[in-house]
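**Q** missing the sequence, but the structure's below:
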């Protein structure tokens, strides 16, 4: 989940605090004591805390290329009282590690920002020991649907998808559904992908607030100026789309979004 | 899942035989020994077999208004060696039961065909004893997405949705996401809705065949003539959409569809 602009830090914080989503995503991710785990693109450490907490005996090496994010990640992990994380300022395509340096690789909400996700997965495979595993998480904005349905809300979401495609290295906000073929094409063995649905209705007020409103809707809303400036949508339509997304957060509304977790293995060399 | 026209019986048979889907839908639905359970609109008995098998001590009363379907359901349940089902030819809005006749109501893939699903749920609530439960299953065609993505495939699916809306009593092929507000509006207590994702990639050849191809794609394909005759789509576009749905069943393709299960209780009177 990439949050552009003003809402970025707050939304990421709220997503990380949505305990139900954290459990849904990371609850079954455990790395054995003594193993070396590389976290790729840790950002501000939102996932690093769960990763390190769930595998207290593992040694996590987390890196990011953005120094401000990395500084925040270091603070966050320290504040959580975790001491099994080593941080590194580095770029994915210029990593200072030798081949077969890690037992496991963990990469969460990063592939969606890359124009060549398969190349990244291949490169990470080189860093894995034979028999080691890669664990990938991605969302998929095409998996978002809601009640009441709204074509205009889907158009607002499509602005975020289009701008993510155009921005930076050329991303893909709907990459979640592709984890299986990506892992196969990158040469991993035994890929296994599982969907993880965030289903939100009035029985989950915590998720209405932390996920529907302050993660997903804020993320879409954050591209408002850029989308209008790019001529993808007019202001009135965009604002109506956001209004309809917030409508799904009302007591008789429903919101669904699916994340995907993929795990695969590096075969014997 | 309603299959129009020629593919109906075969597709329903295959869905019922997709053991993984049956487990996903019905694996956690159990009714206690001695309880009376009403199955609403049993059709050809595709769900009745799972229902009766999973609750061997319950007494199931299954009804449908279509005599041909009912005959098939009776055969099917007999062939499965199940003896805890009583069949009845009846109409949902003219049932021969007194108030508070059942401990539980089970209704699967029926609300999607009704123009007034809330009225149906209210009527069924009268048949329940206080403290009794309703268990509802529905799919949601708006939850279908796939890799490679295809706008044309989504247009072919939209034909099925539109024809279901126009057909019969006026249905809603995207009703799954609405189970929570429907149960609330019908006056039930403590509604609890859970999504059940059918995720299909090459690691599940059984589901590629039985679900992606022979349930979902056949179901869309079955409206071809009607959709073209109604001027909703042209033949070339429709056929290209079906081709793209089948493309998602190739070894590097992925297909996702979500069913919803809702359970709610009739409060004390």
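**A** Now that the structure is in, tell me what you want to look at. Remember, it's a predicted structure, so these values are computed and weren't measured experimentally.

**Q** where does pLDDT dip in the stretch 151-269 of chain A?
**A** Applying pLDDT under 70 to the stretch 151-269 of chain A picks out residues A:168-169, A:269.

**Q** what pLDDT does the nearest residue to residue A:117 once chain neighbours are set aside get?
**A** On the basis of CB to CB, 6 or more residues apart in numbering or on different chains, the spatially nearest residue to residue A:117 that is not a chain neighbour turns out to be residue A:111, at 4.2 Å. The way it works is simple: take the backbone N, C-alpha and C, and place the C-beta from them, glycine included. As predicted, residue A:111 sits at a pLDDT of 96.

**Q** quick check, residue A:111 in contact with residue A:173.
**A** No: using CB atoms under 8 Å, residue A:111 is not in contact with residue A:173; the gap is 11.1 Å.

**Q** can you verify residue A:149 is assigned to a strand?
**A** No: counting by DSSP: H, G, I helix; E, B strand; the rest coil, residue A:149 falls outside a strand, being coil.

**Q** for it, what are its contacts?
**A** Residues near residue A:149 by CB atoms under 8 Å, 6 or more residues apart in numbering or on different chains: B:142, B:174, B:177.

**Q** got it, and residue A:41?
**A** Neighbouring residues of residue A:41 by CB under 8 Å, 6+ apart: A:63-65, A:92, A:107-110.

**Q** close to chain B: what parts of chain A are there?
**A** By CB under 8 Å from any CB of the partner chain, the residues of chain A that approach chain B are A:140, A:142-143, A:145-147, A:149, A:174, A:177-178, A:180-181, A:184-185, A:191-195, A:197, A:199, A:201-203, A:252-254, A:256, A:258.

**Q** go again with 6 Å.
**A** Selection of chain A residues close to chain B by CB under 6 Å from any CB of the partner chain yields A:142, A:145, A:147, A:177-178, A:180-181, A:195, A:197, A:199, A:201, A:252, A:254.

**Q** show me where the stretch 51-200 of chain A has helices.
**A** Counting by DSSP state H, counting those that start in this stretch, the stretch 51-200 of chain A has helices at residues A:67-79, A:117-127, A:151-166, A:179-185.

**Q** format the ones you listed as CSV; extra columns: mean neighbour count.
**A** As requested, the helices of the stretch 51-200 of chain A are exported to CSV (neighbours: other CB atoms under 10 Å in any protein chain shown):
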stretch, mean neighbour count
helix A:67-79, 16
helix A:117-127, 19
helix A:151-166, 19
helix A:179-185, 22
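
**Q** redo those helices as JSON lines? Include distance to residue A:97.
**A** As requested, these are exported to JSON lines (distance: least, CB to CB, whole Å):
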{"stretch": "helix A:67-79", "distance to residue A:97": "17"}
{"stretch": "helix A:117-127", "distance to residue A:97": "5"}
{"stretch": "helix A:151-166", "distance to residue A:97": "29"}
{"stretch": "helix A:179-185", "distance to residue A:97": "21"}
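
**Q** and of these, who's closest to residue B:217?
**A** helix A:179-185 (18.9 Å; CB to CB).

**Q** run through who's touching the closest one.
**A** For helix A:179-185, the surrounding residues in contact (CB atoms under 6 Å, 6 or more residues apart in numbering or on different chains) are A:117-118, A:136, A:191, A:193, A:260, A:262, A:264, B:201, B:252, B:254.

**Q** of the contacts of residue A:149, which is the nearest to residue B:122?
**A** For those, the nearest to residue B:122 is residue B:177 (20.4 Å; CB to CB).

**Q** which residues does residue A:264 bridge with?
**A** residue A:134 (DSSP bridges).

**Q** and residue A:33, how far is that from residue A:55?
**A** As judged by CB to CB, to the nearest Å, residue A:33 and residue A:55 stand 8 Å apart.

**Q** between these two, which has more neighbouring residues?
**A** Counted by other CB atoms under 10 Å in any protein chain shown, residue A:33 and residue A:55 do not tie: residue A:55 has more neighbours, with 21 against 10.

**Q** ok, the more buried one touching residue A:31?
**A** Yes: with contact defined as CB atoms under 6 Å, residue A:55 and residue A:31 form a contacting pair (4.0 Å).

**Q** quick one: the strands in chain A, in order.
**A** For chain A, applying DSSP state E gives strands covering A:36-40, A:59-64, A:85-89, A:102-108, A:128-147, A:189-200, A:254-265.

**Q** sorry, back to before: quick one, which of the helices of the stretch 51-200 of chain A is nearest to residue B:43?
**A** Comparing those by CB to CB, helix A:151-166 comes nearest, at 32.1 Å.

**Q** just to revisit the earlier point, can you pick out the most distant pair from the contacts of residue A:41?
**A** A:65 and A:108, at 15.6 Å, using CB to CB across the contacts of residue A:41.

**Q** which one's more surrounded, the two?
**A** With neighbours defined as other CB under 10 Å, residue A:65 and residue A:108 compare such that residue A:108 has more, 26 against 13.

**Q** mind checking how far residue A:122 is from residue B:50?
**A** 44 Å.

**Q** skipping its backbone neighbours, what lies nearest residue A:44 in space?
**A** Residue A:44's closest residue in space is residue A:72 (CB to CB, 6+ apart), at 4.1 Å.

**Q** do the same with residue A:153
**A** residue A:244 (3.9 Å).

**Q** tally up the residues packed near residue A:97, please.
**A** By other CB under 10 Å, 15 other residues sit near residue A:97.

**Q** for it, which residues are in contact?
**A** For residue A:97, the contacting residues are residue A:127, by CB under 6 Å, 6+ apart.

**Q** do residue A:200 as well
**A** By CB under 6 Å, 6+ apart, the contact set of residue A:200 is A:207-208, A:211-212, A:255.

**Q** in helices only, show me those residues.
**A** Those of those mapping onto helices are residue A:207, per DSSP state H.

**Q** got a winner among the contacts of residue A:200 for most neighbours?
**A** For the contacts of residue A:200, neighbours tallied by other CB under 10 Å; top is residue A:212, 27 neighbours.

**Q** so what's that residue up against?
**A** Shown in contact with residue A:212 (CB under 6 Å, 6+ apart): A:200, A:249, A:255.

**Q** nearest to residue B:86, of the contacts of helix A:179-185?
**A** The closest of these to residue B:86 turns out to be residue B:201 (CB to CB; 41.4 Å).

**Q** quick check: that closest one vs residue B:88, distance?
**A** Using CB to CB, one gets 42 Å for the distance from residue B:201 to residue B:88.

**Q** so how far is residue A:175 from the residue positioned nearest the centre of chain A?
**A** Centroid-nearest residue in chain A: residue A:109, 2.5 Å away (criterion: CA atoms, centre = their mean). According to CB to CB, residue A:109 and residue A:175 sit 10 Å apart.

**Q** what do you get for residue A:35?
**A** 27 Å.

**Q** between these two, which has more neighbouring residues?
**A** Per other CB under 10 Å, whichever of residue A:35 and residue A:175 has more neighbours is residue A:175, with 24 against 17.

**Q** who's in contact with that one?
**A** A:111-112, A:138 are the contacts of residue A:175 under CB under 6 Å, 6+ apart.

**Q** between these, which sits nearest chain B?
**A** Nearest to chain B out of the contacts of residue A:175 is residue A:138 (CB to the nearest CB; 12.1 Å).

**Q** pLDDT score assigned to the closest one?
**A** Residue A:138 carries a pLDDT value of 97.

**Q** repeat that for residue A:127.
**A** 98.

**Q** same check on the one 5 residues further on?
**A** In the predicted model, residue A:132 carries a pLDDT score of 98.

**Q** hang on, it packs against residue A:105?
**A** No: taking contacts as CB under 6 Å, residue A:132 lies outside contact range of residue A:105: 7.4 Å.

**Q** thank you kindly, that will do.
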